[in-house]
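>>> starting from these lines, generate the structure:
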Amino acid sequence: MIISDKKISEIRDGLLGNVRYFVKWILISLVIGIVGGSAGTLFAMGVEWATQFRGANGWTLFFMPVAGVCIVWLYQTFHEEGNRGTNMVIESISSNETVTPATGPLIFVSTILTHLVGGSTGREGAALQLGGSIGNVFAGLIRLDEKDKKVAVMCGMSAVFSALFGTPAAAGIFPLEVVSIGVMYYAALVPCIFASYTGVGIARLAGLPGENFPVVDIPPVTLGSAAFVVLLGVLCAGVSVVFCILLHTSEKTYRKLFPNPYIRILAASVLFILLTLLVGTRAYCGGSIPLIEESLEGHVSWEAFLLKMLFTAVTLGAGFKGGEIVPTLCVGASFGCAVGTLLGVSPMLCAAAGMSALFAGVTNCPVTSLILALELFGYEGMEYYSIVIAVSFALSGYYGLYGSQKFVYSKIRTEFINRRSN
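Have a look, this model is predicted:
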């Protein structure tokens, strides 16, 4: 068979194009990974310091109004009152929205302030904003075009998320999946994976171990245990819908009742302090990682997931900063533990499955959810995690944490719908 000169030229050009793409994005992703990993490491250290200081000094809770006023003042000073956080970062990938340079420094400082006084938030949502800002700034410095700038933003998200949470595979896939449900940005796969592993490498060098919750009490897979996990997935889908509605409704209610942002955050601070004193524990302050650990041990009360949802809505709806992902994992763990304890099934497995299912339900990212579960809990319970994630994803409807997230294809039918999340 004779290959024409034109065909040979096409093959050569295609191969050269692939090589140029590969070399270009390895170099860019390494730089973004180093910068993002360093920023994420410093951010993680800052949040950890704030958490430890708060734990040793309970009086910091009563300075919540001061921290809230500082956060509002910072955003107004830098003319970022309309900053939509993670939604802005998502839209910078799906449309022509621009991530402002001030987004990174503001979310860095504001999240640490929120954790210092006990606000019920996480850090990974803030990591997406910090990473997106880094990627956007770097893309501007080297003058990437609009399409490549979107990939750089995703690289930054992966690098910082990975450095913070220590789950590089999940962090590398999450930005590809979260923007448009049903369509993944495969052109960013290599850049995001390289940036993610570079970011986590920087964190490891700095001594950050990452999150890991080994699950050892895993029963054999039987028809009965599989049926139970399906039931748990159904219940987790309902909880994820309620959680999303609660978060969105709290923000709208705050804005309606208190149009002035200073009054709004002061009112939320007073409410949060009163709720904390009423329940008599600081377990729902901050990211509540100890609550996740207690859930995996089967030592939490049944109402813990409800209280964590309430405290998180009170905090984030008013304008305090942080993320929704760690609170989501905490809600899932405590809910799964409660269900497992009630029905006599391994609380450790149920807590891990609940975390995985809630993450899938609120982010609508089943692939990332499964990879995250395997990185956090190990491979032994893979059958349970895959089932509970699939069920929760399918039944959680079109609700989500991020209003800018698009559902390109239906969850339940092979049809194009192109709608935003509720």
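>>> can I get the helix or strand hosting F138 in CSV, CA atoms only?
F138 is part of helix 124-141, with elements assigned from DSSP states H and E. The C-alpha trace of helix 124-141 is given here as CSV (Å, rounded to 0.1, in the frame of the first residue of the first chain):
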residue,chain,number,x,y,z
GLU,A,124,-11.4,23.1,49.3
GLY,A,125,-13.9,25.5,47.9
ALA,A,126,-11.5,28.3,48.8
ALA,A,127,-8.8,26.3,47.1
LEU,A,128,-10.7,26.3,43.8
GLN,A,129,-10.8,30.1,44.0
LEU,A,130,-7.2,30.5,45.0
GLY,A,131,-6.0,28.0,42.3
GLY,A,132,-8.3,29.5,39.6
SER,A,133,-6.9,33.0,40.4
ILE,A,134,-3.3,31.7,40.2
GLY,A,135,-3.9,30.0,36.9
ASN,A,136,-5.6,33.0,35.5
VAL,A,137,-2.8,35.4,36.5
PHE,A,138,-0.2,33.1,35.1
ALA,A,139,-2.1,32.8,31.8
GLY,A,140,-2.1,36.5,31.5
LEU,A,141,1.6,36.8,32.2
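>>> buried set for that helix?
124-139 (16 or more other C-beta atoms under 10 Å). From N, CA and C alone the C-beta is placed, and that goes for glycine too.
>>> all strands of this structure, in order?
180-181, 406-409, 416-420 (DSSP state E).
>>> so which of the ones you listed is nearest L266?
strand 416-420 (31.6 Å; C-beta to C-beta).
>>> what's that closest one packed up against?
Counting contacts by 3 or more C-beta pairs under 8 Å, 6 or more residues apart in numbering; DSSP states H and E, strand 416-420 is packed against strand 406-409.
>>> paired strands for the strand it packs on, with orientation please.
strand 180-181 (parallel), strand 416-420 (antiparallel) (DSSP bridges).
>>> could you dump these into CSV with mean neighbour count added?
CSV is the format used below for the strands paired with strand 406-409 (neighbours: other C-beta atoms under 10 Å):
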stretch, mean neighbour count
strand 180-181, 21
strand 416-420, 12
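>>> the ones you listed: which one's closest to I371?
Nearest to I371, of all these, is strand 180-181, at 16.2 Å by C-beta to C-beta.
>>> give me the mean pLDDT for that closest one.
On average, the pLDDT along strand 180-181 is 90.
>>> again, but for stretch 104-115
95.
>>> pull out the buried positions in that stretch.
Buried residues in stretch 104-115, counted by 16+ other C-beta under 10 Å: G104, L106, I107, F108, V109, S110, T111, I112, L113, T114, H115.
>>> likewise for stretch 245-254?
L246, L247, H248, S250, E251, Y254.
>>> for A373, what are its contacts?
A373 makes contacts with A352, M355, S356, G381, M382, Y385, I389, as judged by C-beta atoms under 8 Å, 6 or more residues apart in numbering.
>>> state the pair within the residues you listed that is farthest apart.
M355 and M382 (14.5 Å).
>>> quick one: which of the two has more around it?
M355 (32 against 15; other C-beta atoms under 10 Å).
>>> how close does that one sit to V190?
Remark: distance between M355 and V190 (C-beta to C-beta, to the nearest Å) = 29 Å.
>>> P347 too?
P347 sits 40 Å away from V190, going by C-beta to C-beta.
>>> show me where the stretch 1-150 of the chain has helices.
In the stretch 1-150 of the chain, the segments counted as helices under DSSP state H, counting those that start in this stretch are 5-56, 64-77, 86-94, 103-117, 124-141, 146-165.
>>> which one of these lies nearest to P175?
Nearest to P175, of the helices of the stretch 1-150 of the chain and by C-beta to C-beta, is helix 146-165 at 3.9 Å.
>>> so that closest one versus helix 5-56, what angle?
Using axes from the mean of the first three to the mean of the last three C-alpha atoms, to 10 degrees, the direction of helix 146-165 lies 40 degrees away from that of helix 5-56.
>>> list the helices and strands helix 146-165 packs on?
Applying 3+ C-beta pairs under 8 Å, 6+ apart, one finds that helix 146-165 contacts helix 5-56, helix 86-94, helix 124-141, helix 168-178, helix 189-205.
>>> compute the inter-axis angle for it and helix 189-205.
Helix 146-165 runs at 30 degrees relative to helix 189-205, counting by the same axes, to 10 degrees.
>>> CA atoms only: put helix 146-165 into CSV for me.
The C-alpha trace of helix 146-165 is given here as CSV (Å, rounded to 0.1, in the frame of the first residue of the first chain):
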residue,chain,number,x,y,z
GLU,A,146,-8.7,32.4,25.8
LYS,A,147,-9.0,28.7,25.3
ASP,A,148,-5.6,28.0,26.8
LYS,A,149,-6.4,30.4,29.7
LYS,A,150,-9.3,28.1,30.7
VAL,A,151,-6.9,25.1,30.9
ALA,A,152,-4.5,27.2,33.0
VAL,A,153,-7.4,28.0,35.4
MET,A,154,-8.2,24.3,35.7
CYS,A,155,-4.5,23.5,36.3
GLY,A,156,-4.5,26.0,39.2
MET,A,157,-7.6,24.5,40.7
SER,A,158,-6.1,21.0,40.6
ALA,A,159,-2.7,22.1,42.1
VAL,A,160,-4.2,23.9,45.1
PHE,A,161,-6.9,21.3,45.8
SER,A,162,-4.4,18.5,45.6
ALA,A,163,-1.9,20.3,48.0
LEU,A,164,-4.7,21.0,50.5
PHE,A,165,-6.4,17.6,50.6
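>>> would you mark the buried spots in it?
By neighbour count with 16+ other C-beta under 10 Å, helix 146-165 contains the buried residues 148-165.
>>> kindly report the same for stretch 295-304.
S295, L296, G298, V300, A304.
>>> what residues does it touch?
So stretch 295-304 is contacted by 213, 215, 283, 291, 294, 330, 333-334, 336-338, 340-342, 347-348, 351-352, 354 (C-beta under 8 Å, 6+ apart).
>>> now list the buried members of these.
When the contacts of stretch 295-304 are checked for burial by 16+ other C-beta under 10 Å, the buried set is 213, 215, 283, 291, 294, 330, 333-334, 336-338, 340-341, 347-348, 351-352, 354.
>>> for the residue nearest to A237 when sequence neighbours are not counted, grab the count of nearby residues.
Computed as C-beta to C-beta, 6 or more residues apart in numbering, the closest residue to A237 that is not its neighbour in sequence is L395, at 3.7 Å. For L395, the count of nearby residues is 19 (other C-beta under 10 Å).
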